[in-house]
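Asker: What follows is a predicted structure for the sequence shown.
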Amino acid sequence: MIVGGVLLASTQPGTLDAVVFAHVDLWPLLLLLPLVAGGFVWAARQRRRCLRGLGNPALVERLTATAHHGNRLIRAVAFVAATACVCLALMRLQYGGTAKIVPASGLDVVIAVDYSKSMLAQDVYPSRSERLEAELGRFLDDADRRGDRVGLVIFAGGARGLPVTRDTRLLKLYLEHADPRTETPGGTALGRALKLALAFLVDARAEEQSTEEGGSGQSDQAIILLTDGEDNSSRPLEVAEEAARLGVRIYTVGIGSRSGEPIAKFKDGQPDGYVTDDEGKYLMTRLDEESLQRLAAATQGRYVRVEAERFGLDEVRAVLEGTSRSQREDTIEIHRREGFVFLLAPALLLLCVSMVLGERRRERR
């Protein structure tokens, strides 16, 4: 790895001993040194030529006898040395420091999880919500190992969540306090969940662009929607079209059966029968695969259905890894100590010397 013009042979974290320049591209400043030195030489020759043209050499010699040629030489050398120190300081001298391995990154993912009461149905063993917990646990553990940034949106009739972060422990703690039996308001608002997830990704993109120094790289972004797909009236397809314009892909993971299951009703957190319509008929919750497939297709994403023998998020994870393999390598982050101050201090001292020294000898009275 090349840093500041110096090749680092080792990629292991540890202490660095090399002295480097952070702005090696400013090396043309060193070309000022021969120009400054040449300027002093030219001035000395012009001075001698002018003295020869003044008249009688003996008289001119008596008039210039008090000139201190040694001080003139010291002043010239000090000024050239000060210029050299300033040029090297502008190239930002650095020394020592440490190097550490930064975990592989490149993905910003927001997981939108359906926590409506329909997710308490048991058409997926042991239940939709418990299967959700297992899927999310595996995904977050893998994301933590790979260093991806993950955000979380929990929704029913409304949506709430956490912005993208590498601290998966915080996400797991947030999930522990989520329960479909207590989520309010009721319903399944896919559009609101996708809108909040997209806002998290837009904020993460703006933050990344503001902190990058001259880099054009950008993390791939995706939304993973885990739900049964039944939406009331939040128009999720419009949000999906906006995500497509921003280059964000939506991967939908369907949880549930096509045959359906009655929606449980709870009172004070305890089962209280099933939800019925005005005619007393049980309301059924079914997996709406068609809606989820349309959402994924609108952003060139992918739809996956959770099955008993297969984790749906595992398949989505494999697809996400293939979207930006070039960014899946660990990088080395180097923190060096700044040493330009050790050049600026001598430069100021040398400039003071060149200004203080006089060009005449002091006469004894």
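Answerer: That came in fine, so what should we check first?

Asker: quick check: longest strand of the protein.
Answerer: strand 93-102 (DSSP state E).

Asker: That one packs against which elements?
Answerer: Here strand 93-102 touches strand 14-15, strand 19-21, strand 331-338, going by 3 or more CB pairs under 8 Å, 6 or more residues apart in numbering; DSSP states H and E. Bear in mind the C-beta positions are built from the backbone N, C-alpha and C, glycine included.

Asker: And the contacts of whichever helix or strand comes after the last one?
Answerer: The element immediately downstream of strand 331-338 (helix or strand, assigned by DSSP states H and E) is helix 341-356. With contacts defined as CB atoms under 8 Å, 6 or more residues apart in numbering, helix 341-356 is touched by 74-76, 78-79, 81-83, 85-86, 88-89, 93.

Asker: Now do helix 341-356 and strand 93-102, the angle between them.
Answerer: Comparing the axes of helix 341-356 and strand 93-102 via axes from the mean of the first three to the mean of the last three CA atoms, to 10 degrees yields an angle of 170 degrees.

Asker: list the buried ones in helix 341-356?
Answerer: Leu343, Leu344, Ala347, Leu350, Leu351, Val353, Ser354 (16 or more other CB atoms under 10 Å).

Asker: With stretch 70-82 instead?
Answerer: So stretch 70-82, judged by 16+ other CB under 10 Å, has buried residues Asn71, Arg72, Arg75, Ala76, Ala78, Phe79, Val80, Ala81, Ala82.

Asker: What lies in contact with that stretch?
Answerer: With CB under 8 Å, 6+ apart, stretch 70-82 has contacts from 33, 36-37, 40, 44, 346-348, 350-351, 353-354, 357-359.

Asker: What's the mean pLDDT across that stretch?
Answerer: Stretch 70-82 carries an average pLDDT of 85.

Asker: For the spatially most central residue of the chain, what are phi and psi?
Answerer: In the chain, the residue lying closest to the centroid (CA atoms, centre = their mean) is Glu208, at 4.4 Å. Dihedral pair for Glu208: phi -70, psi -40, per degrees, to the nearest 10.

Asker: And it, how far from Val202?
Answerer: Separation of Glu208 from Val202 (CB to CB, to the nearest Å) stands at 11 Å.

Asker: Could you list everything Thr227 pairs with in the sheet?
Answerer: The partner list for Thr227 in beta bridges (DSSP bridges) reads Gly254.

Asker: quick one, what contacts it?
Answerer: Per CB under 8 Å, 6+ apart, neighbours of Thr227: Ala112, Val113, Asp114, Met119, Thr188, Leu190, Thr252, Val253, Gly254, Ile255, Leu292.

Asker: The stretch 251-365 of the chain: helices as residue ranges?
Answerer: Listed in chain order, the helices of the stretch 251-365 of the chain (DSSP state H, counting those that start in this stretch) span 289-298, 312-323, 341-356.

Asker: repeat for the stretch 1-150 of the chain
Answerer: Under DSSP H, counting those that start in this stretch, the stretch 1-150 of the chain gives helices at 32-52, 57-63, 69-90, 128-146.

Asker: right, so of those helices, which gets closest to Arg336?
Answerer: Judged by CB to CB, the one of those that comes nearest to Arg336 is helix 69-90, at 14.9 Å.

Asker: quick revisit: of all the contacts of helix 341-356, which comes closest to Thr184?
Answerer: Using CB to CB, the contacts of helix 341-356 come closest to Thr184 at Leu93, 60.7 Å.

Asker: Can you give the domain ranges for the protein?
Answerer: Domain ranges of the chain: 2-100+333-356, 104-329, per automatic domain parsing.

Asker: which one of those domains is the most hemmed in?
Answerer: domain 104-329 (a mean of 18; mean count of other CB atoms under 10 Å).

Asker: can you give me the offset of that one from its chain's centre?
Answerer: Computed by CA atoms, centre = their mean, to the nearest Å, the chain-centroid distance of domain 104-329 equals 23 Å.

Asker: avg pLDDT for it?
Answerer: 79.

Asker: cool, and stretch 353-365?
Answerer: Stretch 353-365 comes out at a mean pLDDT of 69.

Asker: Which other helices and strands does the helix or strand encompassing Glu242 contact?
Answerer: Secondary structure from DSSP H and E places Glu242 in helix 236-245. In this structure, helix 236-245 packs against helix 190-211, strand 249-254, helix 289-298, with contacts taken as 3+ CB pairs under 8 Å, 6+ apart.

Asker: List the contacts of the second one.
Answerer: In this structure, residues lying in contact with strand 249-254 by CB under 8 Å, 6+ apart are 135, 194, 221-229, 240, 243, 287-289, 292-293, 295-296, 298-306, 312-313, 316, 319-320, 323.

Asker: residues contacting Gly161?
Answerer: Val110, Ala112, Gly151, Leu152, Val153, Ile154, Tyr174, Leu196, Ala197, Phe200.

Asker: Quick check: beta-bridge partners of it?
Answerer: Applying DSSP bridges, one finds that Gly161 bridges with Val153.

Asker: Could you check how far it is from Val239?
Answerer: For Gly161, the distance to Val239 equals 15 Å [CB to CB].

Asker: Now name the helix or strand holding Gly187.
Answerer: Using DSSP H and E, no helix or strand contains Gly187.

Asker: That one contacts Ala159, correct?
Answerer: No: taking contacts as CB atoms under 8 Å, Gly187 lies outside contact range of Ala159: 11.1 Å.

Asker: so can I have TSV of the buried residues of helix 341-356 showing distance to Glu61?
Answerer: Output for the buried residues of helix 341-356, formatted as TSV (distance: CB to CB, whole Å):
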residue	distance to Glu61
Leu343	42
Leu344	42
Ala347	37
Leu350	32
Leu351	32
Val353	28
Ser354	26
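
Asker: how close does Ala298 get to Ala240?
Answerer: Remark: distance between Ala298 and Ala240 (CB to CB) = 4 Å.
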